[in-house]
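Student: how would this look folded up:
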Amino acid sequence: MNTPAREPQQERSRTTRRRLIDAAVTCLGEFGWNGTTVAIIAQRAGVSRGAAQHHFRTREDLVIAAVEYLGEAQVEQLRTRAAQLPQGQARLEAVVDLLLNLYTGPMFRTALHLWIAASTDEALRPVIVPLEARVGREAHRVALELLGVDEDRPGARELVQATLDLARGLGLANLLTDDARRRTKIVHEWARVLGVSLPQRSGLSS
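Tutor: Modelled structure (predicted):
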């Protein structure tokens, strides 16, 4: 008898949590870790501070949820865009372009604020480090899949990791100025390097 009444309440609860997480991601990107409080997040989400703390007791709890959401959204975005990539000779460069642009959006800016804060905050570091490691492993796994790489071959794992590290570096370069023109040239050259160097399960460039 009570199930129909509970379902809308559960849906409202899920909606409120999602609004708080979205607001946390936005606020972290705009104000950084030190400038982001539960009160500011609640205001941005359009809920009371009490309602925010009902769902997330502390700012750290909310940040954990935000980091998990960022990681999941990043991988989902990567898979969605990968499904639209061409086949044949153009695919390898398209995959490299996708990977090297992975860290140029607002989600990376938010993640960067958290990395910087965690580097000096003894309470935040144990929260962020394992979450980021998990996100990094998933990004690496998806990159392997998209590149069609045989990771058992010597040097393959390191080249894929170098691709993701290069992507993060390009994301940093893009924070202050639009680096798209230089990034396009790097994409072309790095795709050529990978085409020669990476042992692939099935030829992406064939």
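
Student: Phi first, then psi, for residue 149.
Tutor: Dihedral pair for residue 149: phi -90, psi 140, per degrees, to the nearest 10.

Student: Burial check on it, number of neighbours?
Tutor: The number of residues packed around residue 149, counting by other Cβ atoms under 10 Å, is 21. All C-beta atoms are positioned from the backbone trio N, CA, C, and that covers glycine.

Student: Output the below-cut-off pLDDT ranges for the protein.
Tutor: Filtered on pLDDT under 70, the chain yields the residue ranges 1-7, 199-206.

Student: Domains in it, by residue range?
Tutor: 1-57, 59-206 (automatic domain parsing).

Student: Contact partners for residue 124?
Tutor: 33, 60, 63, 114, 117, 118 (Cβ atoms under 8 Å, 6 or more residues apart in numbering).

Student: Repeat the analysis, applying 10 Å as the threshold.
Tutor: Applying Cβ atoms under 10 Å, 6 or more residues apart in numbering, one finds that residue 124 lies in contact with 33, 59, 60, 63, 114, 115, 117, 118.

Student: how close does it get to residue 34?
Tutor: 11 Å (Cβ to Cβ, to the nearest Å).

Student: what do those two both touch?
Tutor: Taking Cβ under 10 Å, 6+ apart as the criterion, residue 124 and residue 34 both touch residue 117.

Student: how about the closest residue to residue 65 other than its chain neighbours, what does it touch?
Tutor: Nearest residue to residue 65, sequence neighbours excluded (Cβ to Cβ, 6 or more residues apart in numbering): residue 21, at 5.2 Å. Contacts for residue 21 (Cβ under 10 Å, 6+ apart) come out as 41, 45, 55, 56, 62, 63, 65, 66, 67, 68, 69, 70.

Student: So which residues of this structure form helices?
Tutor: 3-35, 38-45, 49-55, 59-82, 91-100, 106-120, 125-147, 156-173, 180-197 (DSSP state H).

Student: Now do the fourth one and helix 3-35, the angle between them.
Tutor: Spelled out, it's helix 59-82. 100 degrees (axes from the mean of the first three to the mean of the last three Cα atoms, to 10 degrees).

Student: hmm, back to that, of the contacts of residue 124, buried ones?
Tutor: Buried subset of the contacts of residue 124 (neighbour count, 16 or more other Cβ atoms under 10 Å): 33, 59, 63, 114, 115, 117, 118.

Student: now those residues in a markdown table, with distance to residue 83?
Tutor: Below are these laid out as a markdown table (distance: Cβ to Cβ, whole Å):
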| residue | distance to residue 83 |
| --- | --- |
| 33 | 34 |
| 59 | 36 |
| 63 | 31 |
| 114 | 29 |
| 115 | 29 |
| 117 | 34 |
| 118 | 33 |
